[in-house]
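Participant: Predicted model and sequence below, questions to follow.
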Amino acid sequence: EDTGRNPTDRGKLGCKHHLLVDERGLPLVAQISARKVHDSRFLIPLVESIPAVKGLAGRARKRPGKLHADRAYASRAHRAWLRSRGIAARIARYGVESRERLGRWRWVVERTLGWLHRFRRLRIRHERRADVHQAFLTLACSLICWRYVERFC
């Protein structure tokens, strides 16, 4: 369950980690899926599952002000859905914008993926059950947040 053959990786079995991070790279939401599932299917579930973040004053924020994503999420349906939720979409479009513009922000997500894959249990999936692997992914995200709090607060 939640594994599948990836056609670009010589048919190896495995799973993907889908992350939604804040501007500092702290993970807000993390989910797993089969390797054969396209990334664009997880944009809406990830954004909808963002927990409420309480600030110093006012109501808790439930959604981000803007969302940076790579070209895998560039579709009119996703842009319209984000616009209806009041989220500014910063998604590179095919044939219009260059890849370099998005690279300024993409490294934050890549760095967080690097932090996650420092936990050897997540680098290669050894668990048969998806709920166990999801639990390890959630625990690793919690540890990343704890280390940030411990270091800077």
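Facilitator: Structure's in. What do you need?
Participant: What separation do you get for His78 and Arg41?
Facilitator: 10 Å (CB to CB, to the nearest Å). (C-beta placed from N, C-alpha, C; glycine too.)
Participant: One more: Tyr148?
Facilitator: Distance check for Tyr148 against Arg41: by CB to CB, it reads 29 Å.
Participant: With Gly114 instead?
Facilitator: 24 Å.
Participant: for Leu28, helix, strand, or coil?
Facilitator: Using DSSP: H, G, I helix; E, B strand; the rest coil, the structure places Leu28 in strand.
Participant: isn't it right up against Glu48?
Facilitator: No. Using CB atoms under 8 Å, Leu28 makes no contact with Glu48, being 12.0 Å away.
Participant: The two: which has the busier surroundings?
Facilitator: Remark: of Leu28 and Glu48, Leu28 carries more neighbours, 17 against 11, as counted by other CB atoms under 10 Å.
Participant: pLDDT wise, what is that one at?
Facilitator: For Leu28, the pLDDT comes out at 89.
Participant: I'd like the numbering to begin with 814 instead of 1 from here.
Facilitator: OK, 814 is where the count begins now, so the last one is Leu841.
Participant: Quickly find the element holding the nearest residue in space to it that is not next to it in sequence.
Facilitator: Leaving aside its sequence neighbours, Leu841 sits nearest to Leu833 (CB to CB, 6 or more residues apart in numbering; 5.0 Å). In this assignment (DSSP states H and E), Leu833 forms part of strand 828-834.
Participant: can you check Gln844 too?
Facilitator: strand 840-847.
Participant: which secondary structure elements does that strand contact?
Facilitator: For strand 840-847, the elements it packs on are strand 828-834, helix 856-861, helix 912-929, helix 943-965, judged by 3 or more CB pairs under 8 Å, 6 or more residues apart in numbering; DSSP states H and E.
Participant: Okay then, goodbye and thanks.
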